[in-house]
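predicted model and sequence below, questions to follow.
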Amino acid sequence: MKLLSIFPRVIFYSLFFLTFACTNQKKDKEHAYTNALINESSPYLLQHAHNPVQWFPWDKKHLDRAKKEGKLVLLSIGYASCHWCHVMEKETFENKEVADFMNKNFINIKIDREEHPNVDKTYLTAVQIMTGNGGWPLNCVTLPDGKPIWGGTYFNKENWLASLKEIHRVYKESPKKTEGFANQLTEDLKSLQEFNSDISDKDFNRENLSNFVTEWKTKLDTINGGLDGRNQFPRASNYQFLLRYAYQTEDQELENYIYKTLDKIANGGLNDHLAGGFARYTVDNKWHIPHFEKMLYDNAQLVSLFSYAYQLKKEDQYKEIVYQTLDFLHKEFYTNGLYFSSLNADSLNEENEFEEGAYYTWKIEELQNSITSDFSLFKTYFGIDSIEKVDEKHALVKVYDDETFSKKHQLPIEELKSKITNWKEILLKIRQQRVKPTTDKKILTSWNALLLQAYTDAYKVFNDDNFKLKAIQCGKTLKRKAISKHWEVSRSLNTKNKSIKGYLEDYALLINSFISLYEITFDEQWLLSAKELTEYTFTNFLNTENEYFNYTAKNGDQLITANYEIEDIVIPSSNSVMCKNLFKLGHYFSYDAYLDLSKKMLQRMLPKIEDYPHIYSNWLNSYLNHAYPFYETAISGKDALSKAQELQQQYIPNQLLIGSLTDSNLPLLKGKFNNQKTLIYVCVNKACKLPTENIDKALSLLKKN
């Protein structure tokens, strides 16, 4: 992953790090060690609990210890399903020579990035500034005060030990130079958190929006779908915005590109064609070969994306994806109303060794022995001869969609589907005999909020009561387990022996999902809960000077610089979600203060959006709310829910839905209840059309552009 706005700084820091050339040094004496990770509950930390390295979990008290002992701090950050984290752990951190040097000269802190995303975001940006690249495992050496001086990603034993020895030497011989570098880097980190203060000339006209999208289009891979580059990530937020923009501007070419991308996501190796669920990304640009870990946040967002794509195109495969993905998540991740975090990329192979993708890939002999009839057809369908291998094994990749394949091979579609079902049953039965990848059983509030959102989106589109029931169950469990009576949110809900306070991401995504849950239930408790959580963020996260929300609460661990998360990468940024939340709640409760702040946040983002629109997709979704008509649709009466369901069958991304089966004091519903009829009020810019009982009439008033 690259942070585009930091590239000019990379050359400066690269020149500094030429001083960190590898040098030979004498071996250090052996010494005793203890590893404090054994008492943690994070699967990632427990994976390192028996290393000879003297690891500590994240706690700022260990920085104080570094100050007392005059040592540098080594932060090593990763997550449980990360393949290269496992490799570095085995190759490097289990080595006694490496551990002895680390234990003698550094305070070593191991961090689960999913438990402490604030630490991860800060030092990931630092490493990106220094090297131009970032990823996991993420390793960063800091001064005792936490200011970074060196970093990188994966290292083998030799490079790691040589680098640490040279860093330690430079620090001991040139402490002033090292401190000056750290101070400059920290100032650069702070500068990335600056925003435009002059918003007097910033409006939301369609011409500017068109320019943003035109610039974005230069980054699109029109042949393979997705973005240009070596890898392909299923950036759901990107395609949610582009789908809406293409629909509202009637850009058929762009809409076709989105469907091409979704087809690649659905048919390629990213999708587990046997059991469902999507991997995190592909290592090639054709969507063929996945990096095999499966994350809750990706799968949840893809459910929402494919639901709305189905609503527009009515493509049966998109519906199958939604049902298959939610079925996978419920089978593999569900526990007591909520959902685990991820499935590992690695698992034991037939030699009883950990191998990336071992659970999912196939030797050709194994396939030949399993599919005893129609093997030629099977291998063509799944690209066995045409798709590149994974370490001499095959991932299952659909070369064509079923309709195209059926016509190409002159095979009736029902006959083909019967064969596909049979192939999958055979292979799934064999695969179930293998050792499954381990599950990261952390329960994270924000990721569960994304899944709650997914269930509400799927219900809106498919009107399946099972989705509604699961959404309500998920919402109630989050409310009970994640939120205190004072509206403080917890980050991780099954963390043993310690409490991790929620970050802005947890609050923002909870608020957003509660608003969506209100829209499918008209139960005002969810709207009121969203408002209470918003008020909490105002008190505990909002910087009143720049009018953005800090990622960390004021009573939480404050790092070397504030972090105002703004970039919409794999998950929409917490500030962009808050911008959207304030816009919606401002309409629901007629709060001008919410609406004004939402508008100011978006206006201050415009210079950044202008430079790199494709990393601000969720902000641009809010831009559409201002550039095109945005409707408040109020439904009041005993049949309000059934009429809402009918409206939600249509793709109407530019409306806010509010309703009640009885009289309500919510501003948009006040005085609208009628005992005899259920009326629909379509309003825009604080003016309502004449109410109607007729769905078609209401739809005619909801114009997309």
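That came through fine. Numbering: from 1, shown residues only.

just the residues contacting stretch 562-573, thanks.
Contacts to stretch 562-573, defined as CB atoms under 8 Å, 6 or more residues apart in numbering, come from residues 1, 3, 118, 121-122, 190, 193, 195, 233, 235, 237-238, 297-298, 301, 446, 450, 504-505, 543, 546, 548-552, 574-576, 605, 608, 615-619. Using the backbone N, CA and C atoms, a C-beta is placed for each residue, glycine as well.

so how do I select the buried members of these in PyMOL?
Buried residues within these, by 16 or more other CB atoms under 10 Å, are selected in PyMOL with:
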select buried, resi 3+118+121+122+193+195+233+235+237+238+297+298+301+446+450+504+505+546+548+549+550+551+552+574+575+576+605+608+615+616+617+618+619
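
give me the subset of the contacts of stretch 562-573 lying in strands.
Counting by DSSP state E, the contacts of stretch 562-573 place Asn543, Tyr548, Phe549 in strands.

give me the pLDDT for the first one.
By that I understand Asn543. pLDDT, Asn543: 94.

and stretch 205-221, what's buried?
Across stretch 205-221, burial judged by 16+ other CB under 10 Å covers Asn208, Leu209, Phe212, Val213, Trp216, Lys217, Leu220, Asp221.

how about stretch 62-79?
For stretch 62-79, a neighbour-count test (16+ other CB under 10 Å) marks His62, Leu63, Ala66, Lys71, Leu72, Val73, Leu74, Leu75, Ser76, Ile77, Gly78, Tyr79 as buried.

state the distance from the fourth one to Val303.
Just to be clear, that refers to Lys71. From Lys71 over to Val303 the distance is 47 Å, taken as CB to CB, to the nearest Å.

next: the last one.
For Tyr79, the distance to Val303 under the criterion CB to CB works out to 22 Å.

in three-state terms, label the spatially most central residue of the chain for me.
In the chain, the centroid-proximal residue (CA atoms, centre = their mean) is Ile571; its distance is 3.0 Å. Here Ile571 is recorded as coil under DSSP: H, G, I helix; E, B strand; the rest coil.

phi first, then psi, for it.
phi -130, psi 140 (degrees, to the nearest 10).

need the contact list for the closest residue to Lys110 other than its chain neighbours.
Nearest non-adjacent residue to Lys110, counting by CB to CB, 6 or more residues apart in numbering: Trp55, 4.4 Å away. Remark: with contacts taken as CB under 8 Å, 6+ apart, Trp55 is in contact with Asn35, Ala36, Leu37, Leu45, His48, Ala49, Asn108, Ile109, Lys110.

if we can go back for a sec, closest to Gly132 out of the ones in strands among the contacts of stretch 562-573?
Using CB to CB, Tyr548 comes nearest to Gly132 of these, at 26.1 Å.

surely that closest one is in contact with Ser576?
No - applying CB atoms under 8 Å, one finds Tyr548 not in contact with Ser576, separated by 10.5 Å.

contacts for stretch 68-76, please.
Residues outside stretch 68-76 that contact it (CB under 8 Å, 6+ apart): 62-63, 66, 93, 102, 105-111, 119, 123, 137-144, 146, 149, 164, 167-168, 171.

now tabulate the ones in strands among the contacts of stretch 562-573 in TSV and tack on distance to Lys479.
Converted to TSV, the ones in strands among the contacts of stretch 562-573 look like this (distance: CB to CB, whole Å):
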residue	distance to Lys479
Asn543	28
Tyr548	27
Phe549	21
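
buried sites along the helix or strand that contains Lys407?
Assigned by DSSP states H and E, Lys407 belongs to helix 402-408. Neighbour-count burial for helix 402-408, counted by 16+ other CB under 10 Å, picks out Asp402, Phe405, Ser406.

go on, stretch 365-378?
Leu367, Ile371, Leu377, Phe378.

and that stretch, C-alpha only, in CSV?
Extracted as CSV, the C-alpha positions of stretch 365-378 are listed here (Å, rounded to 0.1, in the frame of the first residue of the first chain):
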residue,chain,number,x,y,z
GLU,A,365,-3.2,-35.4,-10.1
GLU,A,366,-5.6,-34.8,-7.2
LEU,A,367,-8.1,-33.1,-9.5
GLN,A,368,-7.8,-35.8,-12.1
ASN,A,369,-8.4,-38.5,-9.5
SER,A,370,-11.4,-36.6,-8.0
ILE,A,371,-13.3,-35.5,-11.1
THR,A,372,-13.6,-38.8,-12.9
SER,A,373,-16.1,-37.7,-15.5
ASP,A,374,-16.1,-34.5,-17.6
PHE,A,375,-12.6,-33.7,-16.5
SER,A,376,-11.8,-31.9,-19.7
LEU,A,377,-14.9,-29.7,-19.3
PHE,A,378,-14.0,-29.1,-15.6
